[in-house]
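Participant: structural data only, the sequence is not supplied:
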């Protein structure tokens, strides 16, 4: 079923942050492994409106989901959420049975605990670091390097120590894994997230989405405290009030725990008639908005997390051939290059001025969109990440004796194991 080059076997992917296949990066990894001959299982939470089944087999990937209530009420809420997630993950991992590789995706940096149990039984542990959790803590809660910060740093160290291989989303994260995590450079592989070209294909623009205005501005993504939607809204107020531009309609696509607060902020700024919040919407509707947008917004402020993180929305805007306005962040420049224009970090007035400049320059918008599509189809494409992912699995499995998963023997549930 597998060999020492990691070209087949049984892989278990652990996710707590999102359901699968809604988590696009995880789903791309799963299908890549499946195509390489791996028998892929996933353990993740159930979604609220999609991915609601407790069990599903989709395109050959077996998904085991558990109910999970998102944290509310401060640290105690996170303790309840993570405790429940760990219990369900351990329960479902026993149901899946022995595996050759356990592949844990953060946040949080707690999934090394169920991974360790599988590692003691012979599995190799691949840590897929989606976020730098210590930087996420600093950026989200603004509490400084307090006791909880020291706690998340400790959990990160334990995760690095347990991992045989680390997957980093960019070179900045790779540097952290080597410098702070003490990993050998040859054990850290950059597997960039990349939008699926089957999902992000432009369609004809629809003028009615602009609500009678000449231009459409678009934001796509999560709406959390660290994601900068408040910066975008204040910049739009600057665009209208200081620059005298009301020739635009803006749509904000996505959700998150700051969504309701952002709707309230838009109303406070007098933007309710010009700013539309759609929540999460089907892919076909999302593509309609992005295909019609004249300018796309990436308002993530500079903070310890954002400066070194790759923003999925930037890559998705590029795939759709849209010009981008961003704050000047290190990894934003690595991803977008000349497909974006950059305002000084956290300067809302400069951000608004750049939006106005692009609205007045359709030729530049078209050129930037073309540059973005070329970058996405080149070195930032998922094809290159697939190669790195499979190389990481090969490195994890090299020289290892296969974990015994007897064909036809029953697991603890009494069901026959899949091979």
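Facilitator: Arrived safely. As the structure is a computational prediction, the values presented were derived from the model and not from experiment.

Participant: and the strands in the stretch 51-200 of the chain?
Facilitator: Taking DSSP state E, counting those that start in this stretch as the test, the strands found in the stretch 51-200 of the chain are 55-58, 61-66, 101-105, 124-129, 165-168, 188-190.

Participant: tell me which of those strands is the most buried.
Facilitator: Of all the strands of the stretch 51-200 of the chain, strand 101-105 has the most neighbours on average by mean count of other CB atoms under 10 Å, namely a mean of 28. Where C-beta positions appear, they are placed from N, C-alpha and C, glycine not excepted.

Participant: quick check: mean pLDDT of it?
Facilitator: Mean pLDDT, computed over strand 101-105, is 98.

Participant: chain center to it: distance?
Facilitator: How far strand 101-105 lies from its chain's middle: 16 Å, per CA atoms, centre = their mean, to the nearest Å.

Participant: go on, stretch 351-368?
Facilitator: 27 Å.

Participant: what's the span of it from first residue to last?
Facilitator: Start and end residues of stretch 351-368 are separated by 17 Å (CA to CA, to the nearest Å).

Participant: hmm, back to that, distance to residue 204 for the strands of the stretch 51-200 of the chain - can I get that in CSV?
Facilitator: Below are the strands of the stretch 51-200 of the chain laid out as CSV (distance: least, CB to CB, whole Å):
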stretch, distance to residue 204
strand 55-58, 30
strand 61-66, 34
strand 101-105, 36
strand 124-129, 37
strand 165-168, 38
strand 188-190, 36
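
Participant: if I pick residue 117, what's in contact with it?
Facilitator: Neighbouring residues of residue 117 by CB atoms under 8 Å, 6 or more residues apart in numbering: 90, 93.

Participant: where exactly do the helices run in the stretch 51-200 of the chain?
Facilitator: Assigned by DSSP state H, counting those that start in this stretch, the helices in the stretch 51-200 of the chain fall at 75-96, 112-120, 133-141, 147-162, 171-179.

Participant: go through these and name the closest to residue 328.
Facilitator: Closest to residue 328 of the helices of the stretch 51-200 of the chain is helix 171-179 (CB to CB; 14.9 Å).

Participant: check which helices and strands the closest one is in contact with.
Facilitator: On a contact count with 3 or more CB pairs under 8 Å, 6 or more residues apart in numbering; DSSP states H and E, helix 171-179 meets strand 165-168, strand 188-190, helix 330-336.

Participant: what mean pLDDT does that helix have?
Facilitator: Here helix 171-179 scores 98 as its mean pLDDT.

Participant: tell me how far it is from the chain's mean position?
Facilitator: Worked out by CA atoms, centre = their mean, helix 171-179 lies 18 Å from the chain centre.

Participant: list the buried residues in it.
Facilitator: Within helix 171-179, the residues scored as buried using 16 or more other CB atoms under 10 Å are 171, 172, 173, 174, 176, 177, 178.

Participant: with distance to residue 311 added, can I get the residues you listed in TSV?
Facilitator: Shown next, in TSV, are the buried residues of helix 171-179 (distance: CB to CB, whole Å):
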residue	distance to residue 311
171	15
172	12
173	13
174	17
176	17
177	20
178	23
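
Participant: any idea which of these is the one closest to residue 284?
Facilitator: Distances from residue 284 to the buried residues of helix 171-179, taken by CB to CB, are shortest for residue 173, at 32.3 Å.

Participant: ok, that closest one to residue 308 distance?
Facilitator: 7 Å (CB to CB, to the nearest Å).

Participant: joint contacts of those two?
Facilitator: Here residue 173 and residue 308 have residue 132 as joint contacts, going by CB under 8 Å, 6+ apart.

Participant: the helices in the stretch 201-350 of the chain, which residues?
Facilitator: Using DSSP H, counting those that start in this stretch, helices in the stretch 201-350 of the chain cover 229-241, 259-268, 283-292, 312-319, 330-336, 348-359.

Participant: what stretches of the stretch 301-419 of the chain score poorly on pLDDT?
Facilitator: Scanning the stretch 301-419 of the chain for pLDDT under 70 picks out 400-419.

Participant: select, out of the helices of the stretch 51-200 of the chain, the one closest to residue 274.
Facilitator: Using CB to CB, the nearest of those to residue 274 is helix 133-141, at 28.3 Å.

Participant: name the helices or strands packed onto the closest one?
Facilitator: helix 147-162.

Participant: which residues are contacting the helix it packs on?
Facilitator: 75, 104, 106, 108-112, 115-116, 119, 125, 127, 132-134, 137-138, 143, 166, 177, 180-183.

Participant: and it, what's buried?
Facilitator: Quick answer for helix 147-162 (16+ other CB under 10 Å): 149, 152, 153, 155, 156, 159, 160, 162.

Participant: so how far is that helix off the chain centroid?
Facilitator: The answer for helix 147-162 is 21 Å, by CA atoms, centre = their mean.

Participant: got the angle between that helix and helix 171-179?
Facilitator: Comparing the axes of helix 147-162 and helix 171-179 via axes from the mean of the first three to the mean of the last three CA atoms, to 10 degrees yields an angle of 80 degrees.

Participant: relative to helix 133-141, how tilted is helix 147-162?
Facilitator: 150 degrees.

Participant: now the angle from helix 147-162 to helix 112-120?
Facilitator: 20 degrees.

Participant: report the inter-axis angle for helix 147-162 versus strand 124-129.
Facilitator: Going by the same axes, to 10 degrees, helix 147-162 makes 140 degrees with strand 124-129.

Participant: quick check: mean pLDDT of helix 147-162?
Facilitator: For helix 147-162, the mean pLDDT works out to 96.

Participant: tell me what angle it forms with helix 75-96.
Facilitator: 20 degrees.

Participant: when you give positions from now on, start the count at 18
Facilitator: Yes, from this point I'll number from 18; that puts the last item at helix 164-179.

Participant: surely residue 392 is in contact with residue 336?
Facilitator: No: Residue 392 lies out of contact with residue 336 (CB atoms under 8 Å); the separation is 9.5 Å.

Participant: between those two, which is the more surrounded one?
Facilitator: residue 336 (24 against 19; other CB atoms under 10 Å).

Participant: who's in contact with the more buried one?
Facilitator: By CB under 8 Å, 6+ apart, residue 336 lies in contact with 212, 214, 217, 389, 390, 393.

Participant: what's the burial count for the nearest residue to the fifth one once chain neighbours are set aside?
Facilitator: In this case it means residue 390. Closest residue to residue 390 apart from its sequence neighbours, by CB to CB, 6 or more residues apart in numbering: residue 338 at 4.8 Å. Using other CB under 10 Å, residue 338 has 21 neighbouring residues.
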